[in-house]
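Peer 1: Below: sequence and its predicted model.
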Amino acid sequence: MAKKILLLDGNSLAYRAFFALPLLTNENGIHTNAVYGFTMMLQRILEEEKPTHMMVAFDAGKTTFRHETFSEYKGGRQKTPPELSEQFPYLRKLIDAYRIKQYELPNYEADDIIGTLSLEAEKQGDEVIVISGDKDLTQLASPSTTVYITRKGITDIEKYTVEHIKEKYGLTPLQIIDMKGLMGDSSDNIPGVPGVGEKTALKLLAAHGSVEGVYEAIDQQKGKMKEKLVANEDLAYISKQLATIERQAPVEVKLDDLGYEGPDQDELVRVWSELAFKSLLEKMDYTAEETVKEELKFTVVTEIEPSILKGEMAVHLEMYDEHYHTCDLLGVALSDATDTYVIPMDAVKGSDILKTWLADPSKKKYMSDSKASTAAFLRSEIELDGVDFDLMLGAYIVNPSLTYTDMANIVLEYGYTDVSTNEQVYGKGAKKKVPDDAVLNEHIARKARAIWKVRDIIIKKLEDNQQFDLYDKLELPLASVLGKMESLGVKVDKAQLSDMGEELAAKLEKIESEIYSLAGQEFNINSPKQLGVILFEKLGLPALKKTKTGYSTAADVLEKLEGQHEIISHILLYRQLGKLLSTYIEGLLKEIHDDGKIHTRFQQALTTTGRLSSTNPNLQNIPVRLEEGRKIRKAFVPSEPDWVMVAADYSQIELRVLAHMSEDDRLVQAFKDDQDIHTATAADVFHVPLEEVTGDMRRAAKAVNFGIVYGISDYGLSQSLNIPRKEAAEFIDRYLKSFPGVQQYMTNIVSSAKKDGFVTTLMNRRRYLPDITSSNFNLRSFAERTAMNTPIQGSAADIIKKAMIDMDEALEREGLKANMLLQVHDELIFEAPKDELAKLMELVPKVMESAMELNVPLKVDIASGDTWYETK
DNA sequence: GGTATCACG
DNA sequence: ACGTACGTGATACCG
């Protein structure tokens, strides 16, 4: 039977993909764009062509026989960017997973391998498709061989048949070589005849057929053209020779060895998950869902016998969505080395045996997202204790840059493929629903099973990276502290919010009509597009900044226009109040539960630095800077009469962390002396005594301090201080000269990030920074700033997390009724009975300040009041 | 679903 | 020369 043979030019396709796609980085720190593009192309080609035989040819080494002819061959070419080089091993792995033969031959290029094999195939009457990004290969076209050249993208292909070449160039495939001989090829540094381009080359070949033909009839040329041709005859012949693909290369593989049987699905999944090709994985799971998974035996249990409850088990509580304070609970699965059980939710709630086991701290539970489970169980008054492993937290500590939205993706990261995504099981959007019991139960069972299976791998990884303590002593205990805080919730005065809302709405209406009258027409003020037209076209104000889509109307831009038109200040006020109404009044009102409280969710495995985040609603960005907004805090009240709110915040924690890590003498001393750090910075930077620091000097120093923490750049500082960039650069320079320890620290942290590929915090939290070695200035600069910022922000996060665990214990130990309610990065918010207040004002700062021992003191400010607003 | 804007540390 | 401050989440547009 005739074969259909696909011959791929590996190097050329990888290059094409690399330059066609943005420089994607997966969270494991590998650049993936070339491999990804190659994969997309391969997938498409396989589907469309259904080949019987396949091979990917690669160039071997740096020099080939062509260099003997012309030593500058491929000279002057930019050397392969490291971001591409590092992808070749993955490309090789990928091709192996497809079970496609790959081949390279010393002293020859991929072209020659392909040319040799395609000739052999032609002799045997087989159909051949050659795929490359390099048009040189079109010389191989024949009645049985088609050459596919990628265009622009990587999946967009131009098919060069003999006819197509004739149409496009008026040449036969072999004349392509003559064309290159005359015009050269700058990418391969083939010289050609200087001054002859594609147009001239085609004209010459149309008349004379070949390079040889041109020179035989050289007398037909005249003037400059003749001179050029005569002077460069040697170059023309050499160029032709260089462009000629060798079709008799000593290729050892036989066409029969190239049979293509389809990919090794399991291996492909492993490679794709290593590369984090999520969309491809999802597609594959969809098509191969039933076939890929190993069978799992599990028992559905409605009457729980004590015998099934062991001393250590994986426990999974399945929930319908991520809003675990409100969503339906769908069942529990237990799994250990031998058995897996699924228990429907009614049976869970009705079983005292199970509840007792769940609450027993001596029974070890291995879970995923134990905080969610703790909080969700609590809604049914089921207590959970003895959590010994948390899959989500473990995976997060191993690499906080990975964004897991689904447990299936976490376990996939560790090579476990047998869990479906929730989207596969429940569907999405309007079609989302709970499936039949059989499907649901298996899904839950597989999750419990996966936790049991993957636990060892994650723990091993944590231990290898010296991160087990961070995980086990910090994040895991914190999960239950946070679970308690979320379940408790914070009381919100609904009437207060509603009243404020009505007031705001009335004000907004007035401002709105004033804006309309100033603009001379009605329009949607909330639409940046419409607002831009009004301001910059109708009213003729200068557009100072542009966005991707049009004029920028951001606050910093409008502020610069404030003197120029009365409408600006009204718009700024409208924006400010509109934000309060929509986000903080209406938004918060929607989130108040039947108990009169708001139950936020603290995301513990989300940020790349180790901070928490807060969602549904976000209680970490309640207004404070402007008085109008700050009033929102009056609605946050204690949950009991005669209780008070207490807020305690770390003073300058990030700069203290910087002082500790950099060991800069002056910075350390300033904190030891309990100086106002911005004033002290100003004194040092401006070389004046502390008493002579002016308000402006302090303001500038404060901005520089922020900049230092963020990973300084002159541009950033110039924006924040609204000064020319040069002045900003001078400030930075003076700062770094005043604090040489900080300068040294910044240099060191960037170089250690380059060496190790990651940076760490005080508690050994890691963040990988693959872009730090990028040749792309922007990516590299960003990574460098991140290298400076993450250890600072992340260590501060470590400290307050530790303080929260200590605080939780302290409240318990002291027998206090006070509740810890919120964390806002550097502050903790409590509610407490009035009679505990005195005790608390002493205890909280003590605990927070001793959370970790640094070489500078930690300082906490604390205040209390009837509402959150009054805690200042 | 992406973009712009703005709230917080 | 390059084009930016670090980390988040919610809302309103608009194609």
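Peer 2: Arrived safely, thanks for sending.

Peer 1: where along the stretch 101-250 of chain A do the strands fall?
Peer 2: A:101-104, A:127-132, A:145-150, A:157-160 (DSSP state E, counting those that start in this stretch).

Peer 1: now do the stretch 751-872 of chain A
Peer 2: With DSSP E, counting those that start in this stretch as the criterion, the stretch 751-872 of chain A has strands spanning A:758-760, A:766-768, A:819-823, A:827-833, A:860-865.

Peer 1: Now do the first one: which elements does it pack against?
Peer 2: The one in question is strand A:758-760. helix A:740-756, strand A:766-768, helix A:777-813 (3 or more CB pairs under 8 Å, 6 or more residues apart in numbering; DSSP states H and E). Where C-beta positions appear, they are placed from N, C-alpha and C, glycine not excepted.

Peer 1: Go through these and name the closest to A:L13.
Peer 2: In terms of CB to CB, the element of the helices and strands packed on strand A:758-760 nearest to A:L13 is helix A:777-813, at 23.6 Å.

Peer 1: In terms of mean pLDDT, which of the strands of the stretch 101-250 of chain A ranks lowest?
Peer 2: If you rank the strands of the stretch 101-250 of chain A by mean pLDDT, strand A:157-160 sits at the bottom with a mean of 84.

Peer 1: Now do the buried residues in it.
Peer 2: Residues A:I157, A:Y160 are the ones in strand A:157-160 that count as buried (16 or more other CB atoms under 10 Å).

Peer 1: With stretch A:608-625 instead?
Peer 2: Within stretch A:608-625, judged by 16+ other CB under 10 Å, the buried ones are A:608-614, A:616-617, A:619-620, A:622-623.

Peer 1: same question, stretch A:492-501
Peer 2: In stretch A:492-501, counting by 16+ other CB under 10 Å, buried: A:V492, A:D493, A:Q496, A:L497, A:M500, A:G501.

Peer 1: ditto for stretch A:539-552
Peer 2: Per 16+ other CB under 10 Å, stretch A:539-552 contains these buried residues: A:L539, A:L541, A:A543, A:Y551, A:S552.

Peer 1: Is it positioned near DNA strand C?
Peer 2: No - judged by CB under 7 Å from any atom of the strand, stretch A:539-552 and DNA strand C are separated, with a smallest distance of 8.4 Å.

Peer 1: Check what contacts that stretch and list those residues.
Peer 2: Contacts to stretch A:539-552, defined as CB atoms under 8 Å, 6 or more residues apart in numbering, come from residues A:519, A:528-529, A:532, A:535-536, A:554, A:557, A:560-561, A:564-565, A:567-568.

Peer 1: mind running it again at 7 Å?
Peer 2: Contacts with stretch A:539-552, where a contact means CB atoms under 7 Å, 6 or more residues apart in numbering, come from A:K529, A:G532, A:L535, A:F536, A:V557, A:K560, A:L561, A:Q564, A:H565, A:I567.

Peer 1: Alpha carbons of that stretch, as PDB, please.
Peer 2: The C-alpha coordinates for stretch A:539-552 follow below in PDB (Å, rounded to 0.1, in the frame of the first residue of the first chain):
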ATOM      1  CA  LEU A 539     -14.600  70.400  24.800                       C
ATOM      2  CA  GLY A 540     -11.200  70.400  23.200                       C
ATOM      3  CA  LEU A 541      -9.100  69.500  26.200                       C
ATOM      4  CA  PRO A 542      -5.600  68.200  25.500                       C
ATOM      5  CA  ALA A 543      -5.400  64.400  25.600                       C
ATOM      6  CA  LEU A 544      -2.300  63.800  27.700                       C
ATOM      7  CA  LYS A 545      -2.300  60.000  27.700                       C
ATOM      8  CA  LYS A 546      -3.700  57.300  25.500                       C
ATOM      9  CA  THR A 547      -4.700  53.800  26.200                       C
ATOM     10  CA  LYS A 548      -4.800  50.800  23.800                       C
ATOM     11  CA  THR A 549      -8.400  51.700  22.800                       C
ATOM     12  CA  GLY A 550      -8.400  55.500  22.900                       C
ATOM     13  CA  TYR A 551      -8.000  58.400  25.200                       C
ATOM     14  CA  SER A 552      -7.100  57.800  28.800                       C
END
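
Peer 1: Is it in proximity to DNA strand B?
Peer 2: Yes - contact of stretch A:539-552 with DNA strand B (CB under 7 Å from any atom of the strand) involves A:T547, A:K548, A:T549, A:S552.

Peer 1: Pick out whichever of those sits closest to A:K754.
Peer 2: Using CB to CB, A:K548 comes nearest to A:K754 of the residues of stretch A:539-552 next to DNA strand B, at 31.9 Å.

Peer 1: For that closest one, which three-state class applies?
Peer 2: coil (DSSP: H, G, I helix; E, B strand; the rest coil).
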